[in-house]
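In: Would you be able to build a 3D model of this:
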Amino acid sequence: MLRRAFSTLVILFISHCAFAAEVRIAVPQTYLEDTFLKLLLASKELADIEIQPAPLSTWSEQEAKDAVKSGAADLVVFGPDRRALDQSGSEAGALLAQPFMFKSAAEVIRMQKSFLKEAVVTCASRSGLFPLELWNHSITYFLTKDPIRTEDDFNNLKMAADANQSTPSRPTTGFKTQLDSATREFVATYGHKLYLTIGWPTIAILAAAPNYWLKLGEAEKKAWQAAAAAALAASNSEILAREDAMRKNLNIEMTNLDHSAQIRLAKVAADDGAKALEGRMDLWRKAQVEVASQTGDKPEASPAPRNRENPPVLFVTDRNDNKTLDYATRFGSRRLEPFGPTCGVLGVPSPSMAAPTLPPAPKALPKGESDCVRLIVEQARASGSSKVLFLIHGFNNSFEYVATSVLKLAANLNYTGTIVAWSWPSEGSAFGYAYDEDSVIWSEPHLARLVRDIAEAAPDLQLDFAAHSMGSRMLLQILRDFGQARANLPIGEAIFAAPDVAQDVFKEQIKLAREVATTRTLYASKYDRAILISESYHRAPRAGSGGADILVIDSVESVDVAISGHSYVFDEPKALRDFKQIVDRAVTAARRGLISRVKDGATYWVIQR
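Out: Numbers count the residues shown, from 1 in each chain. I've put the predicted structure just below:
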């Protein structure tokens, strides 16, 4: 009797363990070879608590969902339909499947760490399922003979079905690929330049049925979540490695559609109206800001080489391009319509460069926001830089003056980063003050957009800023806008040198900038003739006014410089030495050996001649 009872208990126990151990996952056939799923099925986290995932193959996603509903499966794999997401109100989530909007696999992965992922998961949970993970099922690329940068480029493609139909002897215009072995073999044997353009990702969701998930203990739930997270990280690494291998091929160049072409093609593919697309793009920009601000969210890239002795000096300008081969005459003072930045490398400064000379201006320079972002990030990576310093000039500066001045300043700094001069369309004339006031307002959103895109493309780079005179209006506006948007971008130093800004405007906007920038410094002088003229013109003290009118406010380290001139911060040794301590080593005012003074109960600092 006891033996029979014991045998019954053993059978019941074994039956219970067998039931608990095997977990059925309904998997559509198109997902059976998915890297994420293979890694999940072999998960150590699940094996440690005796859970054995078992794939249950179905023909379609609908059959997989039906299997969960009927109880034949415990979990399900499916790809959320973009239109279904829209109809459910998850317009944000639909962006993750938006075609042509991504620049790389790394960007796809980063964007899935934003609220866009939460939108998709929330939508999936409305069906009663318990979503565990969202991942990249695939990323489609176009491998082409010619670069795809415009809508016409894309429309003119003559596509083969795959690499097998595009042999080295008779290459077609291009083909779609997920960078598989056949694609790599084609590239290895083709022998000519090819261009790689990302098309769109296909996202998938792993979700649990309520009748399975609710009966699990916390340890089991955590094991599933850990297993899914580990599989996600490993599958993302595999995707990035595959793309990186193609990028490193000397015959492969990664290209992107320009922004307007991306939007138009996304609109056509989604059959959206202009208003719906505009709303979606606003959400896209918010997601870009969010992922850029996440600490520890660094792009997956190869280790950078050692720093060069002097990182390069670059420029970006929204001036009109005269197409000459001499930087003295290359860029004018006109505001572009339509706008599109031009950029390039001015050179690597040397400490012996007493009077820097500009190189010849290349006939073709990178144009467009995406190309300029790529140039800056690539130059920073190549030099091993961890920082980028943006220099914003002031009133009455020609492009030639800006370029030579920045090279000279860079030669005097020990900045361990890449230096970028932003040259807005100043008239370059003492009689162009009113024109320059309009130009600096016109140019500000262009720089702001560039900064956001760089932060998104390389969130590990610290972005520093130094603005002179009227250029301080641009920097102040940018910080204010980022503060209002609560954009936690990786901004380090923000230096206002002789700012030609009304004091009340400066106080109000710097307050609205909230916590943007780690350190903010204001240099002012009562001997600055240009600021004195501006004071008279505007009939009010400027933020660059020193002496008794020094502006002292919270969250800004004000430095009163008892030196004449308007460019004293960059030209006079004492002021330049102080400036270098901020830029080169992020030293605060209290540690720079300055004289401290108090005004209205607040401390400011003094540099005497």
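In: right, and Q484 touches Q509 too?
Out: No. Q484 is not in contact with Q509 according to C-beta atoms under 8 Å; the separation is 9.8 Å. All C-beta atoms are positioned from the backbone trio N, CA, C, and that covers glycine.
In: Among the two, which residue is more densely surrounded?
Out: Neighbour count, other C-beta atoms under 10 Å: between Q484 and Q509, Q509 has more, with 20 against 13.
In: which SS class is the closest residue to that one other than its chain neighbours?
Out: Using C-beta to C-beta, 6 or more residues apart in numbering and skipping residues adjacent in sequence, the residue nearest Q509 is R480, 4.3 Å away. For R480, the secondary structure call by DSSP: H, G, I helix; E, B strand; the rest coil comes out as helix.
In: Can you spell out which helices and strands pack onto the lengthiest helix in the chain?
Out: Taking DSSP state H as the criterion, the chain has its longest helix at helix 218-247. Other helices and strands packing on helix 218-247, by 3 or more C-beta pairs under 8 Å, 6 or more residues apart in numbering; DSSP states H and E, are helix 35-41, helix 44-48, helix 105-111, strand 130-144, helix 181-190, strand 194-208.
In: Could you list the low-pLDDT ranges of the stretch 101-250 of the chain?
Out: 115, 118-119, 122-123, 125-126, 159-172 (pLDDT under 70).
In: returning to that earlier point: using a markdown table, lay out the helices and strands packed on helix 218-247 together with mean neighbour count and distance to L522.
Out: Putting the helices and strands packed on helix 218-247 into a markdown table (neighbours: other C-beta atoms under 10 Å; distance: least, C-beta to C-beta, whole Å) gives the following:
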| stretch | mean neighbour count | distance to L522 |
| --- | --- | --- |
| helix 35-41 | 20 | 51 |
| helix 44-48 | 15 | 53 |
| helix 105-111 | 22 | 35 |
| strand 130-144 | 21 | 46 |
| helix 181-190 | 16 | 54 |
| strand 194-208 | 22 | 43 |
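In: Dump these to JSON lines, plus distance to S235.
Out: As requested, these are exported to JSON lines (distance: least, C-beta to C-beta, whole Å):
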{"stretch": "helix 35-41", "distance to S235": "4"}
{"stretch": "helix 44-48", "distance to S235": "15"}
{"stretch": "helix 105-111", "distance to S235": "10"}
{"stretch": "strand 130-144", "distance to S235": "6"}
{"stretch": "helix 181-190", "distance to S235": "17"}
{"stretch": "strand 194-208", "distance to S235": "11"}
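In: nearest to G547, of those?
Out: For G547, the closest of those is helix 105-111, at 48.5 Å, according to C-beta to C-beta.
In: Now the closest residue to T150 other than its chain neighbours: which helix or strand?
Out: Using C-beta to C-beta, 6+ apart and skipping the chain neighbours, the partner closest in space to T150 is A261 (5.1 Å). Using DSSP states H and E, A261 maps to helix 259-270.
In: Equivalent analysis for A487, please.
Out: Using DSSP H and E, no helix or strand contains A487.
In: which residue is nearest the middle of the protein?
Out: Nearest to the mean C-alpha position of the chain, by C-alpha atoms, centre = their mean, lies E456 at 0.8 Å.
In: between the helices and strands packed on helix 218-247, which one is nearest to G492?
Out: Among these, helix 105-111 sits nearest to G492 (C-beta to C-beta), with 21.0 Å.
In: Using CSV, list the CA coordinates for that closest one.
Out: C-alpha atoms of helix 105-111 as CSV (Å, rounded to 0.1, in the frame of the first residue of the first chain):
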residue,chain,number,x,y,z
ALA,A,105,22.1,49.1,-37.1
ALA,A,106,23.5,50.9,-34.0
GLU,A,107,20.9,53.6,-34.5
VAL,A,108,18.1,51.0,-34.8
ILE,A,109,19.3,49.5,-31.5
ARG,A,110,19.6,52.8,-29.7
MET,A,111,16.1,54.0,-30.8
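In: how close does the closest residue to P99 other than its chain neighbours sit to T255?
Out: Excluding the flanking residues, the one nearest P99 by C-beta to C-beta, 6+ apart is W200, at 3.8 Å. Distance, W200 to T255, by C-beta to C-beta, to the nearest Å: 16 Å.
In: Out of the helices and strands packed on helix 218-247, flag the one nearest G174.
Out: Taking C-beta to C-beta, strand 130-144 is the member of the helices and strands packed on helix 218-247 nearest to G174, at 3.2 Å.
In: got the domain boundaries for this protein?
Out: 2-293, 313-522+548-608 (automatic domain parsing).
In: Of the ones you listed, which is nearest S534?
Out: Nearest to S534, of the domains of the chain and by C-beta to C-beta, is domain 313-522+548-608 at 5.2 Å.
In: contacting residues for the spatially closest residue to K193 that is not a sequence neighbour?
Out: If the residues on either side of it in the chain are set aside, K193 comes closest to N251, at 5.6 Å by C-beta to C-beta, 6+ apart. Counting by C-beta atoms under 8 Å, 6 or more residues apart in numbering, N251 makes contact with 187, 190-194.
In: now do L447
Out: 316, 390, 392, 422, 424, 474, 478.
In: Now do it against S385, distance only.
Out: 19 Å.
In: likewise A543?
Out: Counting by C-beta to C-beta, the gap from A543 to S385 is 30 Å.
In: Those two: which is more packed in?
Out: Taking other C-beta under 10 Å, A543 and S385 do not tie; A543 has more neighbours (29 against 25).
In: Is it correct that that one is in contact with A497?
Out: No. Taking contacts as C-beta under 8 Å, A543 lies outside contact range of A497: 10.6 Å.
In: Overlap in contacts, the two.
Out: Counting by C-beta under 8 Å, 6+ apart, the residues touching both A543 and A497 are S472.
In: which outside residues touch the strand or helix carrying F506?
Out: Using DSSP H and E, F506 falls within helix 503-512. For helix 503-512, contacts defined as C-beta under 8 Å, 6+ apart pick out 476-477, 479-480, 483-484, 496, 499, 520, 522, 540-543, 545, 549, 551, 553, 555-556.
In: Tell me which of these fall in strands.
Out: Of the contacts of helix 503-512, the ones assigned to strands by DSSP state E are 496, 520, 522.
In: Point out the least confident one among those.
Out: Ranked by pLDDT, the ones in strands among the contacts of helix 503-512 bottom out at R520 (94).
In: What residues does it make contact with?
Out: Shown in contact with R520 (C-beta under 8 Å, 6+ apart): 494-496, 510, 555-557.
In: So what's the residue count around A219?
Out: Neighbours around A219, by other C-beta under 10 Å: 8.
In: Let's see the pLDDT reported for the nearest residue to it once chain neighbours are set aside.
Out: Nearest non-adjacent residue to A219, counting by C-beta to C-beta, 6+ apart: I49, 6.5 Å away. We note a pLDDT of 86 for I49 in this prediction.
In: so E33, which of the three states?
Out: Following three-state DSSP, E33 is assigned to coil.
In: actually F339, not the one I typed
Out: coil.
In: quick one: pLDDT of it?
Out: F339 carries a pLDDT value of 86.
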